[in-house]
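Asks: show me how the following folds:
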Amino acid sequence: MAIYELACETGHRFEVIQSYTAPLPNCPECGGATRKIPSGFALGGTATVPPPPERMPQTWKGTYRGDRDYVTDLRRTAQSRQKLEEKYPELSGDRRPIVAHEGRYEAAPLRAGDAVPAPSEGAGHGHSHDHSHGHSHAHGHGHGHRHGHGHGHGHAHGSARSRPATDG
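Replies: Here you go, the predicted model:
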């Protein structure tokens, strides 16, 4: 008994296990005549799937400062992955550019068009702020805030209209 890979004139491919003296079966898809085709084979070991682009180095430092042999190997790996994705489009995944991949985005990179997730509980300083411009308040705990309004460290802020007038 042997395993044969067969193809018909219309291009359907399939495998059969049969005696080498048995006649070739007709195509199960269209019923057409078949012929033996050379099969791919492996000599052992395991097949590896090239990593997706987000698992490839994203920075110059990740390429061992541009080591020629390493970069050449990366290019070959990327080309292998591209060929695999062309053959099996379901592997291609999200193709949007990655805009953040370090720190809290290491496990799940932030892609163009994604909403920036709120910091996780316990990260940062543990309280929230509802900022509306035109008021004044002070933060006396001496570390920065990540709310993106350009506020300083532990300084009072607000518009000039909300500051009390001083005489003299």
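Asks: how close does residue 62 get to residue 33?
Replies: 54 Å (C-beta to C-beta, to the nearest Å). Placement of C-beta: from N, CA and C, glycine included.
Asks: so for the residue nearest to residue 2 when sequence neighbours are not counted, what's the pLDDT?
Replies: Across the structure, with C-beta to C-beta, 6 or more residues apart in numbering as the measure, the residue nearest residue 2 apart from its sequence neighbours is residue 20 (5.5 Å). The per-residue pLDDT reported for residue 20 equals 80.
Asks: next one: residue 20 from residue 89, what distance?
Replies: Taking C-beta to C-beta as the criterion, residue 20 is separated from residue 89 by 37 Å.
Asks: what sits up against stretch 55-70?
Replies: Under the contact criterion C-beta atoms under 8 Å, 6 or more residues apart in numbering, stretch 55-70 has outside partners 71, 74, 77-78, 98, 101.
Asks: among these, which one sits closest to residue 16?
Replies: Checking the contacts of stretch 55-70 against residue 16 with C-beta to C-beta, the nearest one is residue 77 at 35.4 Å.
Asks: ok, the residue lying closest to the closest one once chain neighbours are set aside - contacts?
Replies: Excluding its sequence neighbours, the residue lying closest to residue 77 (C-beta to C-beta, 6+ apart) is residue 50, at 4.9 Å. When contacts are counted by C-beta under 8 Å, 6+ apart, residue 50 is found next to 77-78, 80-81, 84.
Asks: what does residue 15 give?
Replies: Contacts for residue 15 were tallied using C-beta under 8 Å, 6+ apart; they are 3-6.
Asks: secondary structure class of it, three-state.
Replies: Using DSSP: H, G, I helix; E, B strand; the rest coil, the structure places residue 15 in strand.
Asks: so what's it bridging to?
Replies: Residues found in beta-bridge contact with residue 15 (criterion: DSSP bridges) are residue 5.
Asks: quick check: what element follows the helix or strand hosting residue 77 along the chain?
Replies: Taking DSSP states H and E as the definition, one finds residue 77 inside helix 68-87. Tracing the chain C-terminally past helix 68-87 and defining elements by DSSP H and E, one meets strand 98-100 next.
Asks: pull the residues that contact that next one.
Replies: Under the contact criterion C-beta under 8 Å, 6+ apart, strand 98-100 has outside partners 53-54, 58, 109-112.
Asks: just those residues: which are in strands?
Replies: Restricting these to those inside strands, with DSSP state E as the criterion, leaves 110-111.
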